[in-house]
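A.B. asks: Return a 3D structure for these sequence lines:
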Amino acid sequence: MPLRVTFVAAARGTALLAERFEDDRPLDQGGWDEVQRVAGALLPLAAAELRYCSPTPRSRATGAALGYAPLVQLALRDCDMGRWRGLTPAEAMAREPEAVDAWLADPRSTPHGGESLPAFISRVGGWLDTRPADDGGRIVAVAEPSVIRAALVYALKAPPQTYWNIDVRPLSTTTVTGGAGRWNLRFDGVPAQGLRG
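C.D. replies: Just a heads-up that it's a prediction; the model follows:
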């Protein structure tokens, strides 16, 4: 029986706040309210045999608010963005336009002095591949959208540039099934009654 790993994207704070590299801001009231609105739908994932989360304050708080009591996994931390940590993409572009262009053009580059995109994807994939899979089982992991994107690129064995084409929304779920080195992306359908408006 294959292992089933469901990623839950951490709730975000106020939509008006700009996205930042390695953002360590905690959930604000808007984020808490959003978790409460979807908690009923995500609560069944608490039955997973193993429950993990990224070390960010948002991931830990989201997992706790959903009743998962997740264990923090350092391998699920965001990409190390070096000196761009805490900056918005626009701020990094204003300070170092050529470096940002180089980073976007070549996933192996590290003009920020941190981690390359392939290294980040490999780290997250290594975590995925080392999950215990004795008799199958279910795992839930609350993580930042960037971490989930990296896991999907790894699971699909896609080129690193694919990372930029994956959009992971806050509090969305994504499931991969399989085991070390052999992962499949799983889409769970919406029951027909759920499609009626």
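
A.B. asks: Which parts of this protein are helices?
C.D. replies: Under the criterion DSSP state H, the chain carries helices at the ranges 29-42, 57-65, 89-95, 97-105, 117-129, 145-155, 192-195.

A.B. asks: can you list the weak-confidence ranges in this protein?
C.D. replies: 13-18, 20-23, 134-136, 189-197 (pLDDT under 70).

A.B. asks: hang on, the earlier thing: the helices of the chain: which one's closest to residue 184?
C.D. replies: helix 145-155 (7.5 Å; CB to CB). C-beta here means a position set from N, CA and C on the backbone, and glycine is covered the same way.

A.B. asks: ends of stretch 119-139, how far apart?
C.D. replies: End-to-end distance of stretch 119-139: 24 Å, with CA to CA, to the nearest Å as the criterion.

A.B. asks: in that stretch, what's buried?
C.D. replies: By neighbour count with 16 or more other CB atoms under 10 Å, stretch 119-139 contains the buried residues 119-125, 127-129, 133, 137-139.

A.B. asks: and those as TSV, adding distance to residue 35?
C.D. replies: Listed next are the buried residues of stretch 119-139 as TSV, based on distance: CB to CB, whole Å:
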residue	distance to residue 35
119	31
120	26
121	28
122	31
123	27
124	23
125	28
127	24
128	25
129	29
133	29
137	25
138	21
139	20
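
A.B. asks: out of those residues, which one sits closest to residue 162?
C.D. replies: Closest to residue 162, out of all of the buried residues of stretch 119-139 and judged by CB to CB, is residue 121, at 9.4 Å.
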